[in-house]
Every structure is written in structure tokens, then in C-alpha cells.
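Undergrad: Pasting a predicted model and its sequence here:
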Amino acid sequence: MNGDLPISEQYRVVAKSWVDADAAASLLEETKSAVLARMMADQGDMPVSRAEMNVKASNEWREFVTKMVEAREKAALLKVKLEYIRMKFSEWQSSEATKRAEMKL
């Protein structure tokens, strides 16, 4: 986090990154069933339950699920950074209010 930037700009930058990361994670989550169906179809002529078992046991499926979870983790971390910036701003506001109150004394 660049402390030289105004808090509003820090928030904007992280918020944009969070929106992008959240969209990427959501896309993976929303296409999970379609990817599974495609991979099952690629198994050839076999019972659905066996094709599903084969796909879910594959490295390709594990990589897809891992990528999906990592994308959600990235989005969650950026969301936490947004909350940190909000907290930092709130602390700054409180500090400024305290300074103003002390100057009136």
C-alpha cells in the first residue's frame, strides 16, 4: 500500500483489483459444471457416474478446482485490504476530530 497516495486513491486502486479478482473467481465458479460436463463427455461412451469419478480423480480437474479456490482466496484478500483502508480512514478521522477538540480547549 502506497502511503503517499490519498486514502481515496488507495481505496480506488484496491477496489478495482478486488472487482477484477472477484469477477475472475466468479467466472471459474460459474463454469465449474460446464467444465465438468465437457471433461465427462471427453471420457467417451461410459456410464455418467464412472465418467464423473474419472474426471474428479484427474489432475486436470484438481488443477481447475485449485485455480478456482486460489482465485477466490485472492479476491478475499483484496476485500480484506479494502476493509483495512476503511479502518485506516476511520482512525484518521477520529484522530483529526480529537485534535480539533483539543485545540478548542
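TA: Noted; the coordinates are in hand. Numbering: from 1, shown residues only.

Undergrad: Do you know the pLDDT at residue 16?
TA: pLDDT for residue 16: 97.

Undergrad: Make 39 the starting number, not 1.
TA: Yep, numbering from 39; the last one is residue 54 now.

Undergrad: That one in helix, strand or coil?
TA: helix (DSSP: H, G, I helix; E, B strand; the rest coil).

Undergrad: hmm, who's touching stretch 53-68?
TA: 102, 105, 106, 109, 110, 112, 113, 116, 117, 119, 120 (CB atoms under 8 Å, 6 or more residues apart in numbering). In this view, the C-beta of every residue, glycine as well, is placed from N, C-alpha and C.

Undergrad: Can you add pLDDT, distance to residue 65 and secondary structure and give those back as TSV?
TA: Shown next, in TSV, are these (pLDDT from 0 to 100; distance: CB to CB, whole Å; DSSP: H, G, I helix; E, B strand; the rest coil):
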residue	pLDDT	distance to residue 65	secondary structure
102	98	12	helix
105	98	11	helix
106	98	9	helix
109	98	8	helix
110	98	11	helix
112	98	13	helix
113	98	11	helix
116	97	16	helix
117	97	17	helix
119	96	21	helix
120	96	20	helix
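
Undergrad: Tell me the one among these nearest to residue 49.
TA: Taking CB to CB as the measure, residue 49 sits nearest to residue 120 out of the contacts of stretch 53-68, at 6.7 Å.

Undergrad: Just the buried ones from the contacts of stretch 53-68?
TA: 102, 106, 109, 110, 112, 113, 116, 119 (16 or more other CB atoms under 10 Å).

Undergrad: CSV please, covering those and showing distance to residue 46.
TA: Shown next, in CSV, are those (distance: CB to CB, whole Å):
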residue, distance to residue 46
102, 38
106, 32
109, 27
110, 27
112, 23
113, 22
116, 17
119, 15
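
Undergrad: Report the contact partners of the spatially most central residue of the chain.
TA: What sits nearest the mean C-alpha location of the chain, by CA atoms, centre = their mean, is residue 113, with 1.2 Å. Neighbouring residues of residue 113 by CB under 8 Å, 6+ apart: 56, 59, 60, 62, 63.

Undergrad: picking that back up, any chance of the contacts of stretch 53-68 in CSV, plus distance to residue 140?
TA: Below are the contacts of stretch 53-68 laid out as CSV (distance: CB to CB, whole Å):
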residue, distance to residue 140
102, 58
105, 53
106, 52
109, 47
110, 45
112, 42
113, 41
116, 36
117, 35
119, 32
120, 31
